[in-house]
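Undergrad: heads up, no residue letters with this:
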């Protein structure tokens, strides 16, 4: 949970720093929601995983760490090229994070079903 909170705060710091010249409040609100959405999904999966088998918790907590770390690295510019626009990373990183979260949920469901059979 602490890793997720660090990821949220760091991501928002990077986002507000990149958008310091943005005049549109609506655009800032939309980007803030989009950047925070994967972390809300991670918090929800962590709460759900508390009552699940150990493998589910390991996958969920590991994914939380990886997504938080990669989000901070991506927003910090580690994955962007010299011609990449600032907004590109703030659009792509949450999208990829959400895809990974959904994939981990599906993988967890498959493993739990295969262990009970």
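TA: Perfect, thanks for sending it. Since this is a predicted model, take the numbers as computed values, not measurements.

Undergrad: only C-alpha atoms for contact and neighbour calcs from this point on.
TA: Will do.

Undergrad: Buried ones in the biggest helix by length in the chain, by neighbour count?
TA: Counting residues, the longest helix in the chain under DSSP state H turns out to be helix 86-116. By neighbour count on 16 or more other Cα atoms under 10 Å, the buried set for helix 86-116 is 89-90, 93-95, 97-98, 101, 104-105, 108.

Undergrad: Likewise for stretch 50-67?
TA: 56-57, 59-61, 63-65, 67.

Undergrad: now, which of those sits nearest residue 13?
TA: Set against residue 13, the nearest of the buried residues of stretch 50-67 by Cα to Cα is residue 67 (16.4 Å).

Undergrad: Residue 63 versus the closest residue in space to that closest one that isn't next to it in sequence, what's the distance?
TA: Spatial nearest neighbour of residue 67, chain neighbours left out: residue 97 (6.4 Å); criterion: Cα to Cα, 6 or more residues apart in numbering. Computed with Cα to Cα, to the nearest Å, the distance linking residue 97 and residue 63 is 9 Å.

Undergrad: One more: residue 75?
TA: Taking Cα to Cα, one finds residue 75 at 18 Å from residue 63.

Undergrad: Out of the helices and strands in the chain, which is least certain?
TA: helix 86-116 (a mean of 87; mean pLDDT, DSSP states H and E).

Undergrad: Just give me how far stretch 20-38 sits from the chain centre.
TA: Centre-to-centre, stretch 20-38 and its host chain are 16 Å apart (Cα atoms, centre = their mean, to the nearest Å).

Undergrad: Find out how far the helix or strand hosting residue 67 is from the centre of the chain, if you would.
TA: Residue 67 belongs to helix 54-75 when assigned by DSSP states H and E. Here helix 54-75 is found 8 Å from its chain centre; the criterion is Cα atoms, centre = their mean.
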